[in-house]
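**Student:** quick one, what's the 3D model for this:
(one chain, ligands or ions: 2)
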Amino acid sequence: MLADGKILSNLTANQTIHQRFGGVVPELASRDHEKNIVPVVHEALKAAGVDKRQLNAIAFTRGPGLIGSLLVGTSFAKSMALTLNVPIIEVNHMQAHVLAHFIDDPKPAMPFICLTVSGGHTQLVLTSLADADTNVATTETDRKIQMKIIGETFDDAAGEAFDKTAKILGLPYPGGPLIDQYAREGNPLAFNFPHPKIDGLNFSFSGLKTAILYFVRDHIKHDPDFVKKNLNDICASVQHTIVTILLTKLKKAAEEFQINEIAIAGGVSANSGLRKAFVEMGKKENWNTYIPDFQYCTDNAAMIAIAAWFKYLNKDFATQDITPLARYSL
Ligand code: KG4
Ligand code: ZN
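**Tutor:** Numbering: from 1, shown residues only. Ligands and ions are numbered 1, 2, ... in the order given. A predicted model of the protein is given here:
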C-alpha cells in the first residue's frame, strides 16, 4: 500500500511448499497465489489503515514471471478495480527491482547504472530520465523514466548460480541465503573456480555451475564427506567467484558510460558478500553507491507500488483487456 510516494504497508505471502521439491513448481505457485491473494490484500489494507473504498488505483505485476501466478494477480487487480471503479497500473517486475531505490533516501541521481541480480535475471541497466516532451509540462515527476539493458546474462542468472550450487551441495531451495550464511565462516580463496570469458558487459554462469558439479564429483570420489567437511570454504569460494564476476562487469560499465551513480537490486543484492564488496569497490572507484533495504531486495509489493506511483503521476493507466506476459523486456 502506498500513498503520496510513501509506503504504508508491505506484505509478502511466503511459499514454503517449494522447498520439498528443490525449486519452484509453477502449478503449486499459482494455486498458492490464488489461495493467498485475498487475505494478503486484506492484511495490507488493514496494516496501512486504509479502507478499500479510499483506493485511487490498483497496480499489478504484468511480467516477466510464471504465467500462472501473473494471471492470478492480473485478474484479481482487474476485478477489484472494476468493482471500485478505479484505474489499473501494470508494472514490469524488472523495472520495479530498479525503482525500489526510490522508496527510501538517499535516492540515486539520474542517470545511474543498476546491476539487477535475481533468480531469473542478471542485468546491467542504464536508467535515465527521458527527454522532456515539449508539448507537456516538464517537471521532474512528469518526465518518464527510461531504462536500457547494457549487459545481461546469456544463460543462467546469478540467483540461479547460487541456487544450483546449493542443490549440488545438498542444501534446500532457495539456496542463495544459505550459501551466504555458510560463506561467512569460510575462506573465499580456499578453492578456485573459473571465470567466464565473455566480451563486453554480458555475463554467463552456466560454466560455473558445471565446474562446481565436476569439482564436487571429483572430490567425493576420494572422500565421501568432502562437502560436509568443507561446506563453509566451498560456499565462501563460490560466492566470492560470483561476486567478482558481477562486480568486474559493473566496474566496466561504470567506466564505459562514465557514470558514478551506481546501484544494485534484486534478490541477490541481499547477499552480504556482494553488499560488502560493492561498497568497498564504490569507495575505491569514487562511486555513490545505493543498496536497497533488505526487505526491498527480494520480491516485494513495495517495489511494485513505487514503480506504479511514477506511472500514476503520468496517468499511465492500463485498460481492462491487458494480459500478463511471461517474458516482458524492460
Ligand atoms: O528477486 P528475487 O526475490 O526473485 C526473482 O525475481 O527471481 O530473487 C530471488 C533470488 C533467488 O535465486 C535467491 O536464492 C537469491 O535471490 N537470494 C540470494 C540471497 N537472498 C536471496 N542469493 C544470495 N545471497 C542471498 N542472501
Ligand atoms: Zn524479482
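**Student:** show me where the stretch 151-300 of the chain has helices.
**Tutor:** Assigned by DSSP state H, counting those that start in this stretch, the helices in the stretch 151-300 of the chain fall at 158-168, 176-183, 206-222, 226-257, 272-285.
**Student:** and those helices, which is most packed in?
**Tutor:** Mean neighbour count (mean count of other C-beta atoms under 10 Å) peaks for helix 158-168 among the helices of the stretch 151-300 of the chain, with a mean of 24. All C-beta spots, glycine's among them, are computed from the backbone N, C-alpha and C.
**Student:** name the helices or strands packed onto it?
**Tutor:** helix 176-183, helix 206-222, helix 226-257 (3 or more C-beta pairs under 8 Å, 6 or more residues apart in numbering; DSSP states H and E).
**Student:** give me the distance between residue 78 and residue 86.
**Tutor:** 11 Å (C-beta to C-beta, to the nearest Å).
**Student:** and if you look at residue 172?
**Tutor:** Counting by C-beta to C-beta, the gap from residue 172 to residue 86 is 41 Å.
**Student:** what's the distance between stretch 301-313 and the middle of its chain?
**Tutor:** 15 Å (C-alpha atoms, centre = their mean, to the nearest Å).
**Student:** ok, stretch 291-310 next?
**Tutor:** The answer for stretch 291-310 is 9 Å, by C-alpha atoms, centre = their mean.
**Student:** wait, does that stretch make contact with ligand 1?
**Tutor:** Yes - counting by C-beta under 6 Å from any ligand atom, contacts between stretch 291-310 and ligand 1 involve 298-299.
**Student:** give the rounded mean pLDDT of that stretch.
**Tutor:** Mean per-residue pLDDT for stretch 291-310: 97.
**Student:** can you pull the buried residues of it?
**Tutor:** Across stretch 291-310, burial judged by 16 or more other C-beta atoms under 10 Å covers 291-292, 296-310.
**Student:** show me the shaky parts of the stretch 101-250 of the chain.
**Tutor:** For the stretch 101-250 of the chain, applying pLDDT under 70 flags the ranges 132-143.
**Student:** one more pass at 90, please.
**Tutor:** The stretch 101-250 of the chain contains residues with pLDDT under 90 at 130-145.
**Student:** which bits of it sit near ligand 1?
**Tutor:** Residues of the stretch 101-250 of the chain lying near ligand 1 (C-beta under 6 Å from any ligand atom): 118-120, 159, 162-163, 174-177, 180.
**Student:** tell me which parts of this structure are close to ligand 2?
**Tutor:** Proximity of the chain to ligand 2, by C-beta under 5 Å from the ion, involves residues 118, 299.
**Student:** touching, residue 63 and residue 91? I think so.
**Tutor:** No - between residue 63 and residue 91 there is no contact under C-beta atoms under 8 Å: 9.3 Å.
**Student:** so for the two, which residue has more residues nearby?
**Tutor:** residue 91 (24 against 20; other C-beta atoms under 10 Å).
**Student:** SS state for that one?
**Tutor:** Put simply, residue 91 is strand when judged by DSSP: H, G, I helix; E, B strand; the rest coil.
**Student:** can you check residue 123 too?
**Tutor:** Once three-state DSSP is applied, residue 123 turns out strand.
**Student:** show me which of residue 172 and residue 86 is the more surrounded one.
**Tutor:** residue 86 (16 against 12).
**Student:** thinking again about what came up before, wait, which of the helices and strands packed on helix 158-168 is closest to residue 51?
**Tutor:** With respect to residue 51, and counting by C-beta to C-beta, the nearest of the helices and strands packed on helix 158-168 is helix 176-183 at 36.3 Å.
**Student:** can you name the residues in contact with the closest one?
**Tutor:** 119, 159, 162-163, 165-166, 169, 171-172, 231-232, 235-236, 238-240, 267-268, 270-273 (C-beta atoms under 8 Å, 6 or more residues apart in numbering).
**Student:** same question for stretch 73-87.
**Tutor:** With C-beta under 8 Å, 6+ apart as the test, stretch 73-87 has contacts from 33, 37-38, 41, 52-53, 55-62, 88, 317-318, 320, 322-324.
**Student:** are any of the residues you listed buried, and if so which?
**Tutor:** Buried among the contacts of stretch 73-87 by 16+ other C-beta under 10 Å: 33, 37, 41, 57-62, 88, 317-318, 324.
**Student:** tell me the contacts of the residue nearest in space to the middle of the chain?
**Tutor:** In the chain, the centroid-proximal residue (C-alpha atoms, centre = their mean) is residue 266; its distance is 2.3 Å. The contact partners of residue 266, taken as C-beta under 8 Å, 6+ apart, are 97, 116-118, 121, 159, 297-298.
**Student:** quick check: the closest residue to ligand 2 within the stretch 101-250 of the chain vs residue 59, distance?
**Tutor:** Relative to ligand 2, the nearest point of the stretch 101-250 of the chain is residue 118 (4.2 Å; C-beta to the ion). According to C-beta to C-beta, residue 118 and residue 59 sit 19 Å apart.
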